[in-house]
Structures are given as structure tokens and as C-alpha cells.
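Novice: I would like to see how this sequence folds:
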Amino acid sequence: MQCPSCQHTDSRVLESRAADSGRSVRRRRECLNCEFRFTTYERVETVPITVVKRNSSRETFNRVKLLHGLLRACEKTGLEPARLEGVVDEIELQLQQRSGKEVSSAEIGELVLQQLSEISEVAYVRFASVYRQFQGVSDFVATLEGLHKRSGGRLHKANLATVG
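Specialist: Now for the predicted structure:
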């Protein structure tokens, strides 16, 4: 590791600890030449995930784009952004663990809906309406009925009035 002060390549590790929820290691180092102390982070290198869109175009997976879509779906629902970042972390982890590094946008959408069904009925319906390109009220009704069946009849009628 090269010292940022004198560019010497020998340093010693003073302290190591997990960072970024265990995804990286933070190390405090000291240069053996000038005794300058600095911090480094070590992460596992991941292979980029390619998303195949509906129109067959391809783009690199963008967690910020996914988080933005979740934030829009969850506006005024009381869900904290930190919880949504956890959802994105979980989805990204599931995608990284796959053997293939290409995934369709439809698969990502279904992973999002699976997560949202467990945390917010309103956010689920909002996200589904954009992701599945609802054309009318019948699409909303069909989605609500499917959500009602999956939840074992626990769908809250009060929440239905706030959808949209």
C-alpha cells in the first residue's frame, strides 16, 4: 500500500475492523518511512451485473436508480430511507449471488415487489402500477386481489384508500 504522504510502499497495519455492514474491512496504517497514518478500505471485487431491459437494451445495474424508484413508491408512507436502502442492499446481494451476471429488469421488479409486499401494501401497489404499466382500474383491482390472497386476507381496507 502506497503512503499518501511520501509514496513509500511499506506500511504496517495498526488496526482492522469490519465496515460497511461487514462488506469491507477498514484498516488504519502507518508508513514505515515517514510514520504518516492513513486509512484504507478493502472490499471484495464484484463482477458488474448487466440488466436486460424490456426493449432488449442492456445497461449496468444501478443501485441509485433502484433506490430512487423505491423512494418514489414509498413517498408519504412513513417508511424510512434507511429501510429502503436495506431493501436495495438485499436485492443487490441476491443478484451478486447468482451464477449468471445478466438479469432482466422484470426479475428485478419482481424482487422489489416481493420485498415491498412484506413492508408496505401502499408502496407495493404504487411500484407495481409503474413497473407493470397499469392501464386502468382493473389492473389495480387485480393487483390488490393478488396482494390480499398473498397476505392471507390481512390487507387493510384503510390502506386501500391511500393508494395512488
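
Novice: next SSE downstream of the helix or strand harbouring G86?
Specialist: Using DSSP states H and E, the element containing G86 is helix 81-96. Heading C-terminal from helix 81-96, the first helix or strand you meet, by DSSP H and E, is strand 102-104.

Novice: put the alpha carbons of the helix or strand just after that next one into PDB.
Specialist: Downstream of strand 102-104, the next assigned helix or strand under DSSP H and E is helix 105-119. Only the C-alpha atoms of helix 105-119 are listed here, as PDB (Å, rounded to 0.1, in the frame of the first residue of the first chain):
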ATOM      1  CA  SER A 105     -35.500  -5.800 -15.400                       C
ATOM      2  CA  ALA A 106     -38.600  -7.900 -14.900                       C
ATOM      3  CA  GLU A 107     -36.800 -10.200 -12.500                       C
ATOM      4  CA  ILE A 108     -35.500  -7.100 -10.500                       C
ATOM      5  CA  GLY A 109     -39.100  -5.700 -10.500                       C
ATOM      6  CA  GLU A 110     -40.400  -9.000  -9.000                       C
ATOM      7  CA  LEU A 111     -37.700  -9.000  -6.300                       C
ATOM      8  CA  VAL A 112     -38.700  -5.400  -5.400                       C
ATOM      9  CA  LEU A 113     -42.400  -6.400  -5.200                       C
ATOM     10  CA  GLN A 114     -41.500  -9.400  -3.100                       C
ATOM     11  CA  GLN A 115     -39.700  -7.100  -0.600                       C
ATOM     12  CA  LEU A 116     -42.400  -4.400  -0.700                       C
ATOM     13  CA  SER A 117     -45.200  -6.900  -0.100                       C
ATOM     14  CA  GLU A 118     -43.700  -7.500   3.300                       C
ATOM     15  CA  ILE A 119     -43.200  -3.900   4.400                       C
END
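
Novice: quick one: the helices in the chain?
Specialist: 63-73, 81-96, 105-119, 121-131, 137-150, 157-160 (DSSP state H).
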